[in-house]
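>>> next come a sequence and a model predicted from it.
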Amino acid sequence: MGHVFHIQRFSLHDGPGIRTTVFFMGCSLRCRWCHNPEGLRWEIALQYDSKKCVSCGLCAALCPNGVHRFSEGGVHLVDFTRCSLCGQCIRACPSGALLYSGRDYSPEELAALCSRDLPYYRNGGGVTFSGGEALLQASFLRETAQLCKQRGVPAIIVDTAGNVPWSAFEQVLPWVDAFLYDVKAYHEDLHRSATGASNLEILENLKRLDQTGKDLYIRIPVIPTVNDRTEEIRAIAGFLQPLTHVRQIRLIPYHTLGRSKYAALGLPEPPNFGAVDESTLALLEAIVNPG
Ligand code: SF4
Ligand code: SF4
């Protein structure tokens, strides 16, 4: 079984064509700007969306562990640390404010779901396995990708940050057509302070992946005050330049879309890095995609 937190149908941003994107749980990085915090943890957890709550009080009445309570002012307070995931409040909530942060799938079940949109997978479309870090569940991913291929999914992509042993790539290579590969920084100290991990294995894996002949789509998040300096982006571009199977390099400007999900999962709010300056972005774009 594999842990998955979301399945997005008709996605246009996770590789060529129309795609179904499957978001795996668990990640080996802790990027300070992460906009998919559901993918950080391996374990399924309680999720609470305050915007949907109608303050009916059912969850507080039902919960055996006192997770839900209301302040004197009527504010719904949730102590995520006490939840044993019995599911009673989730089943009872009338507004859908409570849910599990993910669920388990068998490879067969997931491949069947991914095959629902086969008629739309034209012009390079197909299935993208993303996360979190999909390659942390390499055996599950391999089995699912193989079943997807057998069902006729034309193009399978893995979206990875690359911070896994090379053996994880080797497991899935026969069933994967291309990779979306994140490069967040070139200098190791910067990468470590921004993500909590070294990038030596990440860059080495990318070089080895290039030698396999798989198509590579590179994505560089641009995070103000972290990696938005021309020297840093130039260093990344210099590293990528000798690679022969890079089909595209995209800069992804920082955004704040995932911030509300931290509170919904009982996680501390991340820093806000602010908007990327347009002129800076144009300068960096000219470095990674000259001419
Ligand atoms: S899932 Fe169970 S333990 Fe967790 S908050 Fe709901 S009722 Fe309480
Ligand atoms: S059951 Fe749902 S709607 Fe009712 S108070 Fe709890 S979270 Fe809010």
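Yes, it's here. Numbers count the residues shown, from 1 in each chain. Ligands and ions are numbered 1, 2, ... in the order given.

>>> and residue 214, what does it touch?
By C-beta atoms under 8 Å, 6 or more residues apart in numbering, the contact list for residue 214 reads 173, 176-179, 245. Just so you know, the C-beta spots here come from the backbone N, C-alpha and C atoms, and that holds for glycine as well.

>>> out of those residues, which are buried?
176-179 (16 or more other C-beta atoms under 10 Å).

>>> tell me which two in the residues you listed are the farthest apart.
With C-beta to C-beta as the measure, no two of the buried ones among the contacts of residue 214 lie farther apart than 177 and 179, at 8.8 Å.

>>> overlap in contacts, those two.
Listed contacts common to residue 177 and residue 179 are 157, 214-215; contacts here mean C-beta under 8 Å, 6+ apart.

>>> in contact with residue 270, which residues?
Neighbour list for residue 270: 32-34, 259, 262 [criterion: C-beta under 8 Å, 6+ apart].

>>> doesn't it lie inside a strand?
No: assigned with DSSP: H, G, I helix; E, B strand; the rest coil, residue 270 falls outside any strand and is coil.

>>> state the mean pLDDT of the longest strand along the chain.
In the chain, taking DSSP state E as the definition, the longest strand is strand 2-11. In this model, strand 2-11 carries a mean pLDDT of 96.

>>> helices or strands next to the next helix or strand after it in the packing?
Sequence order places strand 19-24 as the next helix or strand after strand 2-11, per DSSP states H and E. If you count contacts as 3 or more C-beta pairs under 8 Å, 6 or more residues apart in numbering; DSSP states H and E, strand 19-24 packs onto strand 2-11, helix 107-114, strand 126-130.

>>> returning to that earlier point: redo the contacts of residue 270 as TSV? Include distance to ligand 1 and secondary structure.
Listed next are the contacts of residue 270 as TSV, based on distance: C-beta to the nearest ligand atom, whole Å; DSSP: H, G, I helix; E, B strand; the rest coil:
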residue	distance to ligand 1	secondary structure
32	29	coil
33	29	coil
34	24	coil
259	23	helix
262	18	helix
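
>>> mark which of those are buried, thanks.
33-34, 262.

>>> looking at these, which is nearest residue 80?
Nearest to residue 80, judged by C-beta to C-beta, of the buried ones among the contacts of residue 270 is residue 262 at 11.4 Å.

>>> ok, the residue nearest the centre of the chain to residue 213 distance?
By C-alpha atoms, centre = their mean, the chain has its centre lying nearest to residue 131, at 3.1 Å. Using C-beta to C-beta, to the nearest Å, we find residue 131 at a distance of 24 Å from residue 213.

>>> how about the helices in the stretch 1-150 of the chain?
Using DSSP state H, counting those that start in this stretch, the helices of the stretch 1-150 of the chain run over 58-62, 88-92, 107-114, 138-150.

>>> and the third one, which residues are buried?
Which is helix 107-114. 107, 110-111, 113-114.

>>> next: the longest one.
Under the neighbour-count criterion of 16+ other C-beta under 10 Å, helix 138-150 has 138, 140-149 buried.

>>> so what's the residue of the stretch 101-250 of the chain found nearest ligand 1 up against?
Nearest to ligand 1, among the residues of the stretch 101-250 of the chain, is residue 101, at 11.5 Å (C-beta to the nearest ligand atom). Listed by C-beta under 8 Å, 6+ apart, the contact partners of residue 101 are 5, 25, 38, 41, 44-47, 265.

>>> what does residue 221 give?
Counting by C-beta under 8 Å, 6+ apart, residue 221 touches 31, 33, 182, 184, 227, 251-254.

>>> again, only using 10 Å
Going by C-beta atoms under 10 Å, 6 or more residues apart in numbering, residue 221 touches 31, 33-35, 182-185, 194, 227-228, 250-255, 276.

>>> ditto for residue 88
58-59, 61-65, 98.

>>> and what of residue 208?
166, 169-170.
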